[in-house]
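*Asks:* I'd like to go over a predicted model; first the sequence, then the structure.
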Amino acid sequence: MMEDIKEVLLKEEDIRKRVKELGIQITNDYKNKNLVLVGVLKGCVMFMADLMKEIDLPCSMDFMAVSSYGNSASSSGVVRILKDLDHQIIGKDVLIVEDIIDTGITLKYLKEYLASRKPDSIKIICLMDKPEKRKADVYAEYIGFTSPNEFLVGYGLDYAEKYRNLPYIGILKEEIYK
Ligand code: IMP
Ligand code: MG
(Lines give C-alpha, C1' and ligand atoms only; values in the text may rest on other atoms or scores of the structure.)
(Ligands and ions follow the chains in the order given, each with its own letter.)
Protein backbone atom coordinates (compact mmCIF):
# COMPACT_ATOMS: atom_id res chain seq x y z
CA MET A 1 0.00 0.00 0.00
CA MET A 2 2.89 2.35 0.83
CA GLU A 3 3.74 2.82 -2.86
CA ASP A 4 0.29 4.35 -3.47
CA ILE A 5 1.00 7.07 -0.90
CA LYS A 6 2.44 10.38 -2.10
CA GLU A 7 3.26 11.69 1.36
CA VAL A 8 2.66 10.76 4.99
CA LEU A 9 0.70 13.68 6.43
CA LEU A 10 0.29 12.49 10.03
CA LYS A 11 2.35 9.82 11.73
CA GLU A 12 0.86 7.44 14.27
CA GLU A 13 2.33 9.38 17.15
CA ASP A 14 0.99 12.72 15.85
CA ILE A 15 -2.49 11.23 15.77
CA ARG A 16 -2.15 9.60 19.20
CA LYS A 17 -1.04 12.88 20.78
CA ARG A 18 -3.88 14.91 19.28
CA VAL A 19 -6.52 12.29 20.15
CA LYS A 20 -5.34 12.40 23.76
CA GLU A 21 -5.76 16.19 23.82
CA LEU A 22 -9.26 15.94 22.36
CA GLY A 23 -10.16 13.31 24.96
CA ILE A 24 -9.10 15.64 27.76
CA GLN A 25 -11.12 18.51 26.26
CA ILE A 26 -14.24 16.36 25.96
CA THR A 27 -13.77 15.01 29.50
CA ASN A 28 -13.77 18.60 30.75
CA ASP A 29 -16.72 19.71 28.61
CA TYR A 30 -19.06 16.77 29.30
CA LYS A 31 -18.88 16.42 33.08
CA ASN A 32 -22.40 15.64 34.44
CA LYS A 33 -23.80 15.16 30.93
CA ASN A 34 -25.28 12.11 29.22
CA LEU A 35 -22.60 11.66 26.60
CA VAL A 36 -23.22 9.33 23.68
CA LEU A 37 -20.70 9.08 20.89
CA VAL A 38 -22.39 8.52 17.53
CA GLY A 39 -19.86 7.23 15.03
CA VAL A 40 -20.36 7.57 11.31
CA LEU A 41 -19.35 4.23 9.85
CA LYS A 42 -16.94 3.11 8.67
CA GLY A 43 -14.34 5.86 8.59
CA CYS A 44 -14.82 6.73 12.27
CA VAL A 45 -13.83 3.32 13.62
CA MET A 46 -10.15 3.83 14.47
CA PHE A 47 -10.63 7.39 15.66
CA MET A 48 -13.68 6.62 17.77
CA ALA A 49 -12.05 3.62 19.45
CA ASP A 50 -8.93 5.60 20.35
CA LEU A 51 -10.86 8.73 21.36
CA MET A 52 -13.24 6.84 23.64
CA LYS A 53 -10.33 5.40 25.61
CA GLU A 54 -9.15 8.96 26.32
CA ILE A 55 -12.52 10.11 27.68
CA ASP A 56 -12.59 9.70 31.43
CA LEU A 57 -16.39 9.79 31.87
CA PRO A 58 -19.26 7.34 31.62
CA CYS A 59 -20.39 7.36 28.00
CA SER A 60 -22.02 5.08 25.48
CA MET A 61 -21.56 4.48 21.78
CA ASP A 62 -23.85 4.06 18.81
CA PHE A 63 -23.36 4.11 15.06
CA MET A 64 -24.93 5.38 11.88
CA ALA A 65 -23.97 4.35 8.38
CA VAL A 66 -24.61 6.69 5.49
CA SER A 67 -23.57 6.63 1.92
CA SER A 68 -22.76 9.70 -0.11
CA TYR A 69 -19.77 8.81 -2.29
CA GLY A 70 -20.16 5.32 -3.67
CA ASN A 71 -16.72 4.37 -4.91
CA SER A 72 -15.72 7.75 -6.25
CA ALA A 73 -13.32 10.29 -4.78
CA SER A 74 -15.77 13.19 -4.80
CA SER A 75 -19.16 13.71 -3.19
CA SER A 76 -22.34 13.05 -5.14
CA GLY A 77 -24.28 15.31 -2.77
CA VAL A 78 -26.87 12.61 -2.11
CA VAL A 79 -27.01 11.16 1.42
CA ARG A 80 -28.63 7.79 2.04
CA ILE A 81 -29.08 6.19 5.50
CA LEU A 82 -27.82 2.61 5.45
CA LYS A 83 -27.94 1.99 9.20
CA ASP A 84 -29.74 3.97 11.87
CA LEU A 85 -29.06 4.25 15.62
CA ASP A 86 -29.80 1.27 17.88
CA HIS A 87 -30.89 3.43 20.82
CA GLN A 88 -32.94 6.56 21.43
CA ILE A 89 -31.06 9.82 21.97
CA ILE A 90 -33.81 11.85 23.58
CA GLY A 91 -32.30 13.72 26.55
CA LYS A 92 -28.75 12.68 25.61
CA ASP A 93 -25.73 14.77 24.74
CA VAL A 94 -24.80 13.55 21.31
CA LEU A 95 -21.31 13.89 19.93
CA ILE A 96 -21.13 12.86 16.27
CA VAL A 97 -17.75 11.31 15.50
CA GLU A 98 -16.62 11.66 11.90
CA ASP A 99 -13.35 10.96 10.15
CA ILE A 100 -13.30 13.94 7.80
CA ILE A 101 -15.52 16.87 6.78
CA ASP A 102 -15.17 17.65 3.11
CA THR A 103 -18.17 19.34 1.46
CA GLY A 104 -20.04 19.04 4.77
CA ILE A 105 -23.12 17.67 3.02
CA THR A 106 -23.09 14.37 4.95
CA LEU A 107 -22.76 16.00 8.36
CA LYS A 108 -25.24 18.78 7.76
CA TYR A 109 -27.83 16.19 6.83
CA LEU A 110 -26.95 13.90 9.71
CA LYS A 111 -26.94 16.66 12.32
CA GLU A 112 -30.40 17.85 11.29
CA TYR A 113 -31.66 14.27 11.14
CA LEU A 114 -30.47 13.51 14.69
CA ALA A 115 -31.52 16.90 16.06
CA SER A 116 -35.12 16.04 15.18
CA ARG A 117 -35.01 13.28 17.83
CA LYS A 118 -34.69 15.80 20.64
CA PRO A 119 -31.29 15.16 22.19
CA ASP A 120 -30.27 17.68 24.90
CA SER A 121 -27.33 18.77 22.76
CA ILE A 122 -25.65 17.77 19.56
CA LYS A 123 -22.08 18.53 18.56
CA ILE A 124 -19.56 17.27 16.04
CA ILE A 125 -16.00 16.04 16.38
CA CYS A 126 -13.99 15.28 13.28
CA LEU A 127 -10.42 14.13 13.00
CA MET A 128 -9.74 15.95 9.74
CA ASP A 129 -11.30 19.14 8.39
CA LYS A 130 -10.97 20.08 4.71
CA PRO A 131 -12.31 23.66 4.82
CA GLU A 132 -11.52 24.52 1.18
CA LYS A 133 -14.11 22.08 -0.13
CA ARG A 134 -17.01 23.16 2.10
CA LYS A 135 -20.39 23.54 0.40
CA ALA A 136 -22.87 23.00 3.24
CA ASP A 137 -23.13 25.36 6.19
CA VAL A 138 -21.83 23.09 8.95
CA TYR A 139 -18.87 23.13 11.33
CA ALA A 140 -17.31 20.84 13.92
CA GLU A 141 -16.92 21.99 17.53
CA TYR A 142 -13.85 19.74 17.85
CA ILE A 143 -11.31 19.31 15.07
CA GLY A 144 -8.22 17.12 15.10
CA PHE A 145 -6.31 18.60 12.19
CA THR A 146 -6.93 20.89 9.23
CA SER A 147 -6.38 19.00 5.99
CA PRO A 148 -4.91 20.23 2.73
CA ASN A 149 -7.18 19.90 -0.28
CA GLU A 150 -5.92 16.39 -1.14
CA PHE A 151 -7.41 12.92 -0.97
CA LEU A 152 -6.39 11.28 2.31
CA VAL A 153 -6.33 7.63 3.31
CA GLY A 154 -5.41 5.62 6.39
CA TYR A 155 -6.48 5.44 10.06
CA GLY A 156 -10.03 4.61 8.96
CA LEU A 157 -10.08 6.74 5.80
CA ASP A 158 -10.48 4.76 2.61
CA TYR A 159 -10.44 4.95 -1.11
CA ALA A 160 -12.90 2.35 -2.48
CA GLU A 161 -12.74 0.52 0.89
CA LYS A 162 -8.94 0.17 0.76
CA TYR A 163 -6.18 1.66 2.97
CA ARG A 164 -8.32 1.95 6.14
CA ASN A 165 -5.81 -0.19 8.05
CA LEU A 166 -2.81 2.08 7.49
CA PRO A 167 -1.80 3.26 10.97
CA TYR A 168 -0.94 6.76 9.67
CA ILE A 169 -2.76 9.28 7.45
CA GLY A 170 -1.31 9.73 3.99
CA ILE A 171 -2.03 11.62 0.79
CA LEU A 172 -3.10 9.21 -1.94
CA LYS A 173 -1.28 9.52 -5.26
CA GLU A 174 -3.55 11.14 -7.83
CA GLU A 175 -3.02 8.43 -10.43
CA ILE A 176 -4.78 5.95 -8.12
CA TYR A 177 -8.12 7.77 -8.18
CA LYS A 178 -8.01 9.87 -11.38
P1 IMP B 1 -18.78 15.30 2.76
O2 IMP B 1 -20.24 15.06 2.75
O3 IMP B 1 -18.29 15.80 1.42
O4 IMP B 1 -18.32 16.20 3.87
O5 IMP B 1 -18.14 13.88 2.86
C6 IMP B 1 -17.60 13.39 3.99
C7 IMP B 1 -17.27 11.94 3.81
O8 IMP B 1 -16.59 11.72 2.58
C9 IMP B 1 -16.32 11.50 4.88
O10 IMP B 1 -17.02 10.95 5.95
C11 IMP B 1 -15.46 10.49 4.19
O12 IMP B 1 -16.05 9.21 4.30
C13 IMP B 1 -15.47 10.90 2.75
N14 IMP B 1 -14.24 11.67 2.41
C15 IMP B 1 -14.12 12.99 2.17
N16 IMP B 1 -12.86 13.35 1.92
C17 IMP B 1 -12.14 12.21 2.00
C18 IMP B 1 -10.73 11.91 1.86
O19 IMP B 1 -9.87 12.78 1.61
N20 IMP B 1 -10.39 10.62 2.04
C21 IMP B 1 -11.28 9.63 2.33
N22 IMP B 1 -12.60 9.87 2.49
C23 IMP B 1 -13.02 11.15 2.32
MG1 MG C 1 -17.15 8.93 6.50
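*Replies:* That came in fine, so what should we check first? Ligands and ions are numbered 1, 2, ... in the order given.
*Asks:* Just give the number of residues close to the closest residue to ligand 2 within the chain.
*Replies:* With CB to the ion, the shortest gap between the chain and ligand 2 falls at Gly43, namely 3.5 Å. For every residue, glycine as well, the C-beta is placed using N, CA and C. If you count neighbours by other CB atoms under 10 Å, Gly43 ends up with 21.
*Asks:* Quick one: name the residues of this protein near ligand 2.
*Replies:* Proximity of the chain to ligand 2 is confined to Gly43, Asp99 under the rule CB under 5 Å from the ion.
*Asks:* could you pull out the strands for the chain?
*Replies:* Assigned strands in the chain, in chain order: 5-10, 35-41, 60-67, 80-83, 93-101, 121-129, 142-146, 152-153, 169-172 (criterion: DSSP state E).
*Asks:* Check the residue of the chain closest to ligand 2 and give its pLDDT.
*Replies:* Reported pLDDT at Gly43 in the predicted model: 96.
*Asks:* Could you point out which of the strands of the chain sits nearest Tyr163?
*Replies:* strand 152-153 (3.7 Å; CB to CB).
*Asks:* Quick check: which ranges of the chain have low pLDDT?
*Replies:* Applying pLDDT under 70 to the chain picks out residues 69-77.
*Asks:* let's see 90
*Replies:* Applying pLDDT under 90 to the chain flags residues 1, 67-80, 133, 178.
*Asks:* what residues does the longest helix anywhere in it touch?
*Replies:* If each helix of the chain is counted by residues according to DSSP state H, the longest one is helix 12-29. Residues outside helix 12-29 that contact it (CB atoms under 8 Å, 6 or more residues apart in numbering): 35, 47, 50-51, 53-57, 95, 125, 127, 142, 144-145, 155, 167-169.
*Asks:* let's see it at 6 Å
*Replies:* By CB atoms under 6 Å, 6 or more residues apart in numbering, the surrounding residues in contact with helix 12-29 are Asp50, Leu51, Glu54, Ile55, Asp56, Leu57, Tyr142, Gly144, Pro167, Tyr168.
*Asks:* so it versus strand 142-146, what angle?
*Replies:* Computed with axes from the mean of the first three to the mean of the last three CA atoms, to 10 degrees, the direction of helix 12-29 lies at 160 degrees from that of strand 142-146.
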